[in-house]
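Participant: For reference, the sequence and a predicted model appear below.
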Amino acid sequence: MMEVPNSGTVYSSEELGRSLEISSGKRFGRRARLAFYNRTFKIICIASAVFVCLILFSILFLMGRTGILTFETVSLKTFFFSTDWVPENEQYGAFVFIFGTVALTLLTMLISVPLSLIIAVFLSEMTPAWLKNALRPVLDLLVGIPSVVYGFLGLTLLIPMLRSLTGTNLGDGILAAGIVLTIMVLPTISRITDDSIVAVPKKYRDASYALGSTRFQTIIRVVIPAAKSGIMYAVILGMARAIGETMAVVMVIGNTPQLADALFKPTSVLTSNIVMQIPNVPFDSTWNYALYMMGFILLVISLIMIVAVRLLQGKGVKS
């Protein structure tokens, strides 16, 4: 017989042993359930990661395998450096669209990056709190506007305005597309740049002011260099959106397969050419394979930008 302390109850050794076995069994069952839940959660996470990677590599494989069939009948030199795109005559030169994509992206960045930087500096360094709280949600709302709305406004308002300002009969072209894309990527670059500038420690500004620097000198020589990784991150995201944009570009660029050697000359880019021609193309044809290769080029460019963003994020964390 054994008396349990502070209870006044006397148990036999058999009863006490049985109760201990029950309590230890409950603890063991709880540990087993927790271990089972942890293993299940780990398996689900691993399976999800494998599934995402499988989808990505499947898309890359499908696009690359189908696109590379282009070079069974078209040489690499002809596809990448020829300006003759006449599928009806078996001419598949994609240089016009590659050049148009690069030129449009550079023009968009040339206009949008300085404007975005000015807006971000104004928001983070010069505006009072009440105005910041009013303007930042406006930029967030602009990010969420569908691209077709920007394209429609560019088609109905911007192109007639460009025609009246320049006196030309054609307002569509690379300049109109660049202005529309600038308006589209401006909120994204501005907000991310704003967050990067705000994240710069206040002690950097205080040290600059203590050394006699003006506000302008502090912003140019201290704040912006300290936030350069975040600014580059914003620029790359803006470039990714500009390169992959379709609907807004289709509505204002003219969709003509000719080299963009003038700002008001209708041209075409990779995305607009794909979306305009893919519905009418026979699946098992060189024409279709060439469009797949264009899509594969866009996919590779996007992946390169994603890798660059990850590298910049890692650099920002280390610094």
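Facilitator: Yep, it's here.
Participant: Can you tell me the element the residue most central in space within the chain falls in?
Facilitator: Centrality entry for the chain: nearest residue to the mean C-alpha point is Leu237, 4.5 Å, by Cα atoms, centre = their mean. Using DSSP states H and E, Leu237 falls within helix 228-244.
Participant: hang on, the residue nearest to the centre of the chain packs against Ile189?
Facilitator: Yes: assessed by Cβ atoms under 8 Å, Leu237 is found in contact with Ile189 at 7.3 Å. Bear in mind the C-beta positions are built from the backbone N, C-alpha and C, glycine included.
Participant: so how far is Ser213 from Ile197?
Facilitator: Separation of Ile197 from Ser213 (Cβ to Cβ, to the nearest Å): 16 Å.
Participant: ok, now Leu76?
Facilitator: For Leu76 relative to Ser213 (Cβ to Cβ), the value is 54 Å.
Participant: neighbour count winner among the two?
Facilitator: Set Leu76 next to Ser213 and count neighbours by other Cβ atoms under 10 Å: Ser213 wins out with 16 against 9.
Participant: hang on, that one packs against Arg221?
Facilitator: Yes: here Ser213 reaches Arg221: they are 7.2 Å apart, a contact under Cβ under 8 Å.
Participant: picking that back up, what sits closest to the residue nearest to the centre of the chain if chain neighbours are left out?
Facilitator: Thr188 (6.0 Å; Cβ to Cβ, 6 or more residues apart in numbering).
Participant: Give the other helices and strands that the strand or helix carrying the one you found contacts.
Facilitator: Thr188 is part of helix 174-198 when elements are defined by DSSP H and E. Here helix 174-198 touches helix 95-121, helix 129-143, helix 147-153, helix 159-166, helix 228-244, helix 247-252, going by 3 or more Cβ pairs under 8 Å, 6 or more residues apart in numbering; DSSP states H and E.
Participant: So for the fifth one, what gets flagged as buried?
Facilitator: Counting neighbours by 16 or more other Cβ atoms under 10 Å, one finds that the buried residues in helix 228-244 are 229-244.
Participant: could you give me the average pLDDT of the helix holding Thr188?
Facilitator: Averaged over helix 174-198, pLDDT sits at 91.
Participant: next helix or strand past it?
Facilitator: helix 202-210.
Participant: Count the residues that sit near the residue nearest to Leu237.
Facilitator: Neighbours of Thr188 using other Cβ under 10 Å come to 22.
Participant: cool, the one 3 residues further on as well?
Facilitator: Residue neighbour count, defined by other Cβ under 10 Å, stands at 20 for Arg191.
Participant: show me what contacts it?
Facilitator: Shown in contact with Arg191 (Cβ atoms under 8 Å, 6 or more residues apart in numbering): Ala120, Arg136, Leu139, Asp140, Val143, Ala234.
Participant: Kindly report the same for Thr127.
Facilitator: Applying Cβ under 8 Å, 6+ apart, the residues contacting Thr127 are Leu135.
Participant: Done for today, thanks.
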